[in-house]
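Trainee: can you look at this prediction? I've put the sequence above it.
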Amino acid sequence: MLFDTHVHLNAEQFNDDLQEVIDRAVAEGVTNMVVVGFDELTIKKAIELAEEYDFIHASVGWHPVDAIDMTPEHLDWLKELANHPKVVALGEMGLDYYWDKSPKEIQKEVFRKQIRLAREVKLPIIIHNRDATADIVEILKEENAGEVGGIMHCYSGSVETALECIDMNFYISLGGPVTFKNAKKPKEVAESIPLDRLLVETDCPYLTPHPYRGKRNEPAYVKLVAEEIAGLKGLSFEEIAEATTQNAKKLFGIK
């Protein structure tokens, strides 16, 4: 029983064998997934997949790298989609200071608008953070994002910041990097944070866990993430799978 809280089955990397990828995930015990849309094309595909499969849900948002392309009409569209029965969150949203397509000020404005929308429609948010931790934490506080809470997706920061985010009603989601030999921070986070605030994800097709690193990631590999965390926490795989699944269902309001 595993819940992959962040997949991009809407990515072109899965165009040729999507059904086989889904079948492999189910065979490995993945009972729920959230397909994350982050621009016009991927949002449409996320909704389609959620409508087609009972166990697939959707999140819709605007990626910070593409913040410069977001129009007021797009925000209205997100608001409309928030009412869709299979949409369980808004995002991914946030800040990305690694790529320079969208100026920082535009990223921040688009991030703030999406947080305000989430509070209006009462949905949790999924946070994308790349090289922007201080600004993200500051904006989450200023915009009272804790009112809806959400996920620090593919978390790679410190234990201290993780605990600060938990205090703001966020869950910490770990992916493939926790399985990497030299990934000191994710391993420390896995050991340190409370089980009731932990989630697992793949972010497939990216960030593939060991021993498949360098190949395309897929939802079936979320089991490797859960197994690694179980080892780090000194718990059984079943305990991690059960806890992270219940945490995700609670956050997303899935019965």
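Mentor: Structure received.
Trainee: distance between the ends of stretch 144-161?
Mentor: Length of stretch 144-161, first residue to last, C-alpha to C-alpha, to the nearest Å: 17 Å.
Trainee: list the buried residues in that stretch.
Mentor: By 16 or more other C-beta atoms under 10 Å, the buried positions in stretch 144-161 come out as A145, V148, G149, G150, I151, M152, H153, C154, Y155, S156, G157, T161. In short, each C-beta sits where N, CA and C put it, glycine included.
Trainee: give me every residue that touches D135.
Mentor: D135 makes contact with L95, K104, K108, according to C-beta atoms under 8 Å, 6 or more residues apart in numbering.
Trainee: residues contacting the second one?
Mentor: In this case it means K104. Contacts of K104 by C-beta under 8 Å, 6+ apart are L95, Y97, D135.
Trainee: equivalent analysis for the first one, please.
Mentor: If a contact means C-beta under 8 Å, 6+ apart, then L95 has P64, K104, Q107, K108, F111, H128, N129, R130, A132, D135, I136, I139 as its contacts.
Trainee: switch the cut-off to 10 Å
Mentor: Contacts for L95 (C-beta atoms under 10 Å, 6 or more residues apart in numbering) come out as 64-65, 67, 102, 104, 107-108, 110-111, 127-136, 139.
Trainee: still on that earlier bit, can you flag which of the buried residues of stretch 144-161 belong to helices?
Mentor: Under the assignment DSSP state H, those contribute T161 to helices.
Trainee: widest-spaced pair of the buried residues of stretch 144-161?
Mentor: In these, two members sit farther apart than any others by C-beta to C-beta. They are V148 and S156, at 22.8 Å.
Trainee: give the buried residues for stretch 3-19.
Mentor: F3, D4, T5, H6, V7, H8, L9, N10, A11, Q13, F14.
Trainee: how about those residues, which pair is most distant?
Mentor: Greatest spatial distance among those (C-beta to C-beta): F3 and Q13, at 21.6 Å.
Trainee: which ones among the contacts of D135 map onto helices?
Mentor: Going by DSSP H, the helices hold K104, K108 from the contacts of D135.
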